[in-house]
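Asks: got a structure for you, letters missing:
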């Protein structure tokens, strides 16, 4: 992310500066208009080739912004300073590369442009060319012996800047030229991690062929596989798994497996790849949360179906005693609830406080889920460890529609909790007048 944002800032600022209106002398005007003959004539009359316009731009800088290759060559022969960094404090080669004008870049390189120059973010021309995917420019820079393993202020190398799918050609160029496949930035991110997080599958294959460590970890203990899963890059995930990536490792202090991560995102394609390669469908994190619970809690019904088909245990409980059904019910994911009930999930299971899925749905005001649970046979009058029922939860929260549905299906209004209070008394205490009216009418 830092690569993209930093380069985007430099790019936008550079282009804005280069495209400002020209308020200058005859040479700058001629360059802007692409008038080669006038440029030659003015130079023969001793025009200052390094003079600047009102915005601090030289004729060479204007030639670059206009893509005037012949004029640029003429200016360089006349002594134009192409390594000037007067404004915006970055060498002329950078905006040329960002625009992807290979001809202009090659003219600059042949004219003596500094291939070791740094932009505002400490990046070299090679890093920028790799970032923007300009393979021909990368090749030209390598031919000029650009420092392939130079590092920016974050210790990132050009190989780490390769972004986007289909950039395998650039990765190969850099590796063949001697790029360090195991280079690490300040956060201990390896090249493989950067390419995996961007889904650069061909580049990942090439790095693995060079012996890159498939299970390397950065300072946050994250591996290339987790980066690929987090980006939803199922093809890259498959390549990493085939290379021996560990798939049931716990990340973030035990809070996540790669399958749980894919399930939480609803990434069915990646989950299928992980399961095919042996990921444990019932693996838990340190809170005993499973992939099924994570999918249910995000409402990913198609993921829930996939995991159940792969023998996920629908009645496993997390450390708080909650099941996947409770996860879905508490957030009103009625479709996921339906899928779980079709798989014979225990509809009346209780968590560590004696709370059921129906109680959670009723208290949260989840009408659709309450309806599905009632239709599925949920016990209406079960109480939690305090004797609090689904009707009381709805009354306490002021959910009059749910109170009405529960009453219509025979919920007992006379039940008392451990404090000796009924649903009506809770409604009165919370001043939920609509609920009071409904319950009073039932007495």
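Replies: Received it, and whenever you're ready, just let me know what you need. Just so you know, these numbers come straight off a predicted model, no measurement behind them. Residues are numbered from 1 along each chain as shown.
Asks: Could you list the low-confidence segments of this protein?
Replies: 1-24, 86-90, 164-166 (pLDDT under 70).
Asks: Contacts only, for the residue most central in space within the chain.
Replies: Closest residue to the average C-alpha location of the chain: residue 231 at 5.4 Å, with CA atoms, centre = their mean. Residue 231 makes contacts with 196, 197, 198, 199, as judged by CB atoms under 8 Å, 6 or more residues apart in numbering. C-betas here are computed from N, CA, C, even on glycine.
Asks: I'd like to know which elements the host helix or strand of residue 391 is packed against.
Replies: Using DSSP states H and E, residue 391 sits in helix 390-397. Contacts defined by 3 or more CB pairs under 8 Å, 6 or more residues apart in numbering; DSSP states H and E place helix 390-397 against helix 357-364, helix 400-408, helix 423-429, helix 433-442.
Asks: Out of those, indicate the one that is most buried.
Replies: Of all those, helix 357-364 carries the top mean neighbour count, a mean of 28, counting by mean count of other CB atoms under 10 Å.
Asks: could you point out which element follows it?
Replies: Using DSSP H and E, the next helix or strand after helix 357-364 towards the C-terminus is helix 367-375.
Asks: same for that following helix, what does it pack against?
Replies: Helix 367-375 sits against helix 324-330, helix 334-342, helix 357-364, helix 400-408, with contacts defined as 3+ CB pairs under 8 Å, 6+ apart.
Asks: Any chance of CSV for the helices and strands packed on helix 390-397, columns distance to residue 272?
Replies: Shown next, in CSV, are these (distance: least, CB to CB, whole Å):
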stretch, distance to residue 272
helix 357-364, 28
helix 400-408, 37
helix 423-429, 46
helix 433-442, 46
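Asks: buried residues in stretch 196-212?
Replies: 196-208, 212 (16 or more other CB atoms under 10 Å).
Asks: Out of the residues you listed, flag the one nearest to residue 256.
Replies: Closest to residue 256 out of the buried residues of stretch 196-212 is residue 197 (15.5 Å), distances taken as CB to CB.
Asks: Spatially nearest residue to the closest one, not counting backbone neighbours?
Replies: The shortest distance from residue 197 to any non-neighbouring residue, by CB to CB, 6 or more residues apart in numbering, is to residue 227 (3.7 Å).
Asks: Residue 298 too?
Replies: With CB to CB, 6+ apart as the criterion, residue 298 has its nearest non-adjacent residue at 5.7 Å, and that residue is residue 264.
Asks: In contact with the one you found, which residues?
Replies: So residue 264 contacts 294, 295, 297, 298 (CB under 8 Å, 6+ apart).
Asks: so how far is residue 67 from the second one?
Replies: So that's residue 295. Going from residue 295 to residue 67 by CB to CB, to the nearest Å gives 52 Å.
Asks: Ok, the last one next?
Replies: Applying CB to CB, the value for residue 298 to residue 67 is 49 Å.
Asks: These two - which one has more neighbours?
Replies: Neighbour comparison, residue 298 and residue 67: the larger count goes to residue 298, with 19 against 14 (by other CB atoms under 10 Å).
Asks: how many neighbours does residue 26 have?
Replies: Residue 26: 15 neighbours (other CB under 10 Å).
Asks: Residue 79 now?
Replies: 10.
Asks: quick check, it in a helix?
Replies: No - under the criterion used here (DSSP: H, G, I helix; E, B strand; the rest coil), residue 79 is coil, not part of a helix.
Asks: Ok, which of the helices and strands packed on helix 390-397 comes nearest residue 137?
Replies: Among the helices and strands packed on helix 390-397, helix 357-364 sits nearest to residue 137 (CB to CB), with 56.3 Å.
Asks: Does the closest one pack against any helices or strands, and if so which?
Replies: helix 324-330, helix 367-375, helix 390-397.
Asks: who touches the shortest one?
Replies: Counting by CB under 8 Å, 6+ apart, the neighbours of helix 324-330 from elsewhere in the structure are 290, 292-297, 299, 304, 312, 314, 316, 336-337, 340-341, 345-347, 349, 351, 355-358, 360-361, 364, 366, 369, 373.
Asks: try the second one
Replies: Residues from elsewhere that reach helix 367-375, judged by CB under 8 Å, 6+ apart: 328-329, 332-334, 337-338, 341, 347, 357-358, 361-362, 380, 390, 399, 401-402, 405-406, 409.
Asks: So for that helix, what gets flagged as buried?
Replies: Result for helix 367-375 [16+ other CB under 10 Å]: buried residues 367, 369, 370, 371, 372, 373, 374.
Asks: Now tabulate the residues you listed in a markdown table and tack on distance to residue 48.
Replies: A markdown table is the format used below for the buried residues of helix 367-375 (distance: CB to CB, whole Å):
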| residue | distance to residue 48 |
| --- | --- |
| 367 | 78 |
| 369 | 77 |
| 370 | 81 |
| 371 | 82 |
| 372 | 80 |
| 373 | 83 |
| 374 | 87 |
